[in-house]
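Enquirer: next input, structure requested:
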Amino acid sequence: GSGPPRILPKRCTPAARRAMTVPRTPPKVQKTAKLSGGVVGHENRDANAERPLIVLFDPLYNPKWDCDPSKFDVDHFFKEASITDANSKVLRGRFDKFCTQGDDGSFHLTKEDFGRFNLHYKICASDDEEQYFRVMDRNGRGQLSFQDFLIGCSAANPTTPHILNSYTGYMRARYLFDFYNTSRSGALSFEELARLLLDTKQHLSEPAEKHRHHILEVAQELGEVSVVTARITGTSGASGSLCEFWASTKWVGTAIKREVAKFLQVPIDGLEILVGHRPLDADVVLEDVISPGARVVQMTLASANWDSQSTVIEPNLSDTVAGLERLVHITFDSFYQALTSEQLRGTSRLFRFRKQILQLSEAQRSKSKTRKITAIGGA
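Expert: Coordinates of the predicted model:
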């Protein structure tokens, strides 16, 4: 047909997707062959791992909470993660060395404070600092209270068990999901899912094509699809569009601008796009600025750097995908269900600090013990 694409139903199967009436020459879902072991093969343990990973499934638990500390039973989480008052005291001492005092007298870590903390303790790669901070900042205030920091560090602790459908598994799943949802859209895009899955297999020497097939299969199994035709016009009012393409309603402004830049061969920097009279900012989710049930979204290219000679756009894996997989989104509920059903494996390695930060090292414990003995001897 020549009409606009329909909004596809949630959990649309590959067969149903192919049967949809779509405009012009639509992309088809490329159904790949199943890999050995199903959608996701059995998790391979890293023989060189410095720490044991505890991955369990406890049938007695079926949590219904979210990650809001006001609703989440933090004490149960700490107990399951083996975080004691002594651990909290150790972290508090380290927190106090780098924290900032607010106008209200409370103490917190700013993003800069966390950077200095990591520079000293080296708990994560410098490139990951911003994501760890963002994920631990559950309220989006741009600062971490000690409680925020304690819960986040406990979830990322290298020895925290990963009990899939219990407190530690749920909390770590929530942090892990948000860590890879860098767009902050509330749903993993195809690119974000791809990065997560690649990281679960980074310890394996597997060919790139096998990774690609694995990503496509998971996208087909877990992905939901909600698309519109994005029609980009200029400000002159001339008839016709500059370009049009399919866009996921879960995409943020940055993803829309990338598609426009790719089609028009202009730099992303300098692009200004309007939906109606509202600027499509980098972190705005498309579904939040369009009418429910819309099939076609008219957008105006308000400005672009047409004279620039630099139009290089960093390639994405989705650029090589012809099917609807590139438009999928994965909700947290779908992600968590896949974890607890053991459909996704290997995530226990993700969202982990490089080393312990909640307990003293052997040298520090020995030094502390010496101080206590000296104090007793001098009393």
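
Enquirer: could you identify the helix or strand that succeeds whatever helix or strand Arg174 lives in?
Expert: Using DSSP states H and E, Arg174 sits in helix 167-180. Per DSSP H and E, helix 167-180 leads on to strand 188-189 as the next helix or strand towards the C-terminus.

Enquirer: helices of the stretch 251-379 of the chain, residue ranges please.
Expert: Along the stretch 251-379 of the chain, counting by DSSP state H, counting those that start in this stretch, helices occupy 253-264, 332-340, 362-377.

Enquirer: comparing those, which gets the lowest mean pLDDT score?
Expert: Mean pLDDT is lowest for helix 362-377 among the helices of the stretch 251-379 of the chain, at a mean of 52.

Enquirer: poorly predicted segments of this protein, please.
Expert: The chain contains residues with pLDDT under 70 at 1-72, 236-239, 309, 311, 361-379.

Enquirer: so what's Asn139 closest to, chain neighbours aside?
Expert: Distances taken as Cβ to Cβ, 6 or more residues apart in numbering put Asp148 closest to Asn139, at 7.9 Å, once the chain neighbours are dropped. All C-beta atoms are positioned from the backbone trio N, CA, C, and that covers glycine.

Enquirer: cool, Thr160 as well?
Expert: Using Cβ to Cβ, 6+ apart, the nearest residue to Thr160 is Ala81, at 4.5 Å.

Enquirer: any idea how far the one you found is from Gln131?
Expert: Distance of Ala81 to Gln131, computed by Cβ to Cβ, to the nearest Å: 21 Å.

Enquirer: more crowded one of those two?
Expert: Ala81 (22 against 17; other Cβ atoms under 10 Å).

Enquirer: so that one makes contact with Pro158?
Expert: No: at 11.4 Å, Ala81 does not count as touching Pro158 under the criterion of Cβ atoms under 8 Å.

Enquirer: what residues of stretch 188-201 count as buried?
Expert: Going by neighbour count (16 or more other Cβ atoms under 10 Å), the buried part of stretch 188-201 is 188-197, 199-201.

Enquirer: rewinding a little: does the residue nearest to Asn139 really touch Met136, like I thought?
Expert: Yes: with contact defined as Cβ under 8 Å, Asp148 reaches Met136; the gap is 5.4 Å.

Enquirer: who has more neighbours, those two?
Expert: Met136 (22 against 19).

Enquirer: which ones are touching His120?
Expert: Phe98 (Cβ atoms under 8 Å, 6 or more residues apart in numbering).

Enquirer: so where does it fall, helix or strand?
Expert: Applying DSSP H and E, one finds His120 within helix 111-121.

Enquirer: alpha carbons of that helix, as PDB, please.
Expert: The C-alpha trace of helix 111-121 is given here as PDB (Å, rounded to 0.1, in the frame of the first residue of the first chain):
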ATOM      1  CA  LYS A 111      29.300  14.700  39.500                       C
ATOM      2  CA  GLU A 112      32.600  16.300  40.000                       C
ATOM      3  CA  ASP A 113      33.000  14.900  43.500                       C
ATOM      4  CA  PHE A 114      32.200  11.400  42.100                       C
ATOM      5  CA  GLY A 115      34.900  12.000  39.400                       C
ATOM      6  CA  ARG A 116      37.500  12.800  42.100                       C
ATOM      7  CA  PHE A 117      36.300   9.800  44.100                       C
ATOM      8  CA  ASN A 118      36.800   7.500  41.100                       C
ATOM      9  CA  LEU A 119      40.200   9.000  40.300                       C
ATOM     10  CA  HIS A 120      41.300   8.100  43.800                       C
ATOM     11  CA  TYR A 121      39.700   4.700  44.200                       C
END
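
Enquirer: mind giving me the packing neighbours of the following helix or strand past that helix?
Expert: Helices and strands here follow DSSP H and E; after helix 111-121, the next one along the chain is helix 129-136. Under the contact criterion of 3 or more Cβ pairs under 8 Å, 6 or more residues apart in numbering; DSSP states H and E, helix 129-136 touches helix 111-121, helix 146-156, helix 167-180.

Enquirer: tell me what the second one is packed against?
Expert: Under the contact criterion of 3+ Cβ pairs under 8 Å, 6+ apart, helix 146-156 touches helix 74-80, helix 85-98, strand 107-110, helix 129-136, helix 167-180.

Enquirer: may I see the buried residues of that helix?
Expert: By neighbour count with 16+ other Cβ under 10 Å, helix 146-156 contains the buried residues Phe146, Asp148, Phe149, Leu150, Ile151, Gly152, Cys153, Ser154, Ala155, Ala156.

Enquirer: so the fourth one touches Asp85, yeah?
Expert: Meaning Leu150. No: the pair Leu150 / Asp85 is not scored as a contact, 11.2 Å apart, by Cβ under 8 Å.

Enquirer: among the helices and strands packed on helix 146-156, which is the most enclosed?
Expert: helix 167-180 (a mean of 24; mean count of other Cβ atoms under 10 Å).
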